[in-house]
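Chemist: Sequence first, then the predicted structure:
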Amino acid sequence: MLLSKSISKFFIKFMLLTLSFFIFASCGIYKKTDARKVPVSGIERSKKNLEEGRGFRIFDPARNQGGGGVFNFATSNPMWRATIELLDFVPFSNVDYSGGIIITDWYYDGEESSDSLKITVKFLSNEIRSDALNVLVHNRTCSEINKCKISKVDSKISEEVKVAILKKAAKIKEQMKNAN
């Protein structure tokens, strides 16, 4: 008796879950379409759906090229390209497009001073706006016995880097627009 009650409770919960899934899954999916605009062939229909972003491929040949997939999205982002081009004089310690961050290694200009700089650029948006990125500059001052002090620099350097990136990104965007 106890086993049959637990089975019936499980069955009721399962049916309610299944029914709610079908109700929520069907919300807004079905739209009226003109049958004359829908391709007759299933292959043509699936291509049209993929072009419109309404489908996916299980065996996508483009995903399997090169072992890791196709990653050409960063080259179409003007802010990203401008930052890479402007900071190419210093090695990068961390570059993460998906995380939206570029961190340079410590930069020492070769002068007599014991100071070196590290620049961090955080992308907050892909749009070319002044609030779309955050530039942080850190200063490291080392003594002769390799005792170093690191501090965040609140000077005009970070603003100058930000303005330079924005100007370069605007030029790149204009070049991309003219190329198309």
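Modeler: Nice, thanks for sending it over.
Chemist: What segments of this structure are helices?
Modeler: 2-25, 42-51, 78-86, 156-179 (DSSP state H).
Chemist: Just the CA atoms from stretch 127-135 would do, formatted as CSV, please.
Modeler: The C-alpha coordinates for stretch 127-135 follow below in CSV (Å, rounded to 0.1, in the frame of the first residue of the first chain):
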residue,chain,number,x,y,z
GLU,A,127,30.2,50.1,-27.9
ILE,A,128,32.7,52.9,-28.5
ARG,A,129,31.9,55.1,-25.4
SER,A,130,34.0,56.5,-22.6
ASP,A,131,32.1,54.3,-20.0
ALA,A,132,32.6,51.2,-22.1
LEU,A,133,36.1,50.5,-20.7
ASN,A,134,38.0,50.9,-17.4
VAL,A,135,41.7,51.4,-17.6
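Chemist: which of the residues in that stretch are buried?
Modeler: Across stretch 127-135, burial judged by 16 or more other C-beta atoms under 10 Å covers 128, 132, 133, 135. (Glycine included, C-beta is placed from N, CA and C.)
Chemist: List just the nearest of these to residue 93.
Modeler: residue 135 (15.7 Å; C-beta to C-beta).
Chemist: Quick one: residues contacting that closest one.
Modeler: Counting by C-beta atoms under 8 Å, 6 or more residues apart in numbering, residue 135 touches 119, 120, 121, 122, 158, 159, 161, 162, 165.
Chemist: how many other residues sit next to the last one?
Modeler: So that's residue 165. 26 (other C-beta atoms under 10 Å).
Chemist: what sits against residue 96?
Modeler: Counted by C-beta under 8 Å, 6+ apart, residue 96 has contacts residue 102.
Chemist: List only buried entries from the contacts of residue 135.
Modeler: Buried by 16+ other C-beta under 10 Å: 119, 120, 121, 158, 161, 162, 165, out of these.
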